[in-house]
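Student: Predicted coordinates and the sequence they were generated for:
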Amino acid sequence: MEQTTELFIEQLRKRNRAACQRLVSDYGAAVFQMVRRIVERQEDAEEVYQDVFVKALRGIDGYDSHKASLTTWLNRIAYHESINFIRTRRPDIVYMDSQELVLNGIDDTTDEESGNSLSIQLLEQAITMLPPHDQAVITMFYYDNMSLADIAYVTGSNPSTVGSQLCRIRKKLYKMIENMRP
């Protein structure tokens, strides 16, 4: 870890107000993006976002730069807070399995759309039908370009398990998209 990061972490541990504000300003957008991918409603995502930084500042003494970067550590907190929010506050959400895929609510596409834009639209729709954990894993890998090791750290898993999960999720997405095609 470079010296400026070490000093920054030390200031966070001392509860330095400027360091706490810098944490939110430097990492806030990435944390909110992680939360928003899992927590659907804007208001709920904002609540979880605040909880992430409260938890991070309370737990900064437990941060170990040898295990993960500060960004990955914050993503781990964001992931777990988001999943916990979904589990405790939104128990009525039902996620569709590829065998139970119901096409209600999926927009009809026009003939003018190209095959690629249709495929992208179907992929995006299919991703929203995945359970929160699967959504998070697939978006961390493809949208955030996180390594299997970083995703494993964030989710509390191991890299080989994440690789297997990605394979399973890709297959599930493929089946869902095939079922959604006009």
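Tutor: That came through, no problem.

Student: Now for this structure, the helix or strand with the poorest mean pLDDT.
Tutor: Across the helices and strands of the chain, mean pLDDT, DSSP states H and E gives its lowest value to helix 115-129, namely a mean of 80.

Student: Output the contacting helices and strands for that one.
Tutor: Counting contacts by 3 or more Cβ pairs under 8 Å, 6 or more residues apart in numbering; DSSP states H and E, helix 115-129 is packed against helix 132-142, helix 159-180. (Each C-beta comes from the backbone N, C-alpha and C, glycine too.)

Student: now, of those helices, which is deepest in the fold?
Tutor: helix 132-142 (a mean of 20; mean count of other Cβ atoms under 10 Å).

Student: coming back round to it: could you give me the buried positions within the least confident helix or strand of the chain?
Tutor: Going by neighbour count (16 or more other Cβ atoms under 10 Å), the buried part of helix 115-129 is 118, 121, 122, 123, 125, 126, 127, 129.

Student: Taking helix 159-180 as reference, get the angle to it.
Tutor: With axes from the mean of the first three to the mean of the last three Cα atoms, to 10 degrees as the basis, helix 115-129 and helix 159-180 are set at 120 degrees to each other.

Student: With just CA atoms, put helix 115-129 into CSV.
Tutor: C-alpha atoms of helix 115-129 as CSV (Å, rounded to 0.1, in the frame of the first residue of the first chain):
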residue,chain,number,x,y,z
GLY,A,115,-30.4,-7.9,-33.6
ASN,A,116,-27.7,-6.6,-31.4
SER,A,117,-29.8,-4.0,-29.6
LEU,A,118,-32.5,-6.6,-29.1
SER,A,119,-30.0,-9.0,-27.6
ILE,A,120,-28.6,-6.3,-25.3
GLN,A,121,-32.2,-5.4,-24.3
LEU,A,122,-33.0,-9.0,-23.6
LEU,A,123,-29.8,-9.5,-21.6
GLU,A,124,-30.5,-6.4,-19.5
GLN,A,125,-34.0,-7.7,-18.8
ALA,A,126,-32.8,-11.2,-18.0
ILE,A,127,-30.2,-9.8,-15.5
THR,A,128,-32.9,-7.9,-13.6
MET,A,129,-34.8,-11.2,-13.2
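
Student: Can you check what angle separates that helix from helix 132-142?
Tutor: Going by the same axes, to 10 degrees, helix 115-129 makes 140 degrees with helix 132-142.

Student: mind listing what residue 181 touches?
Tutor: When contacts are counted by Cβ atoms under 8 Å, 6 or more residues apart in numbering, residue 181 touches residue 122.

Student: Roughly how far does it sit from residue 172?
Tutor: Distance of residue 181 to residue 172, given as Cβ to Cβ, to the nearest Å: 15 Å.
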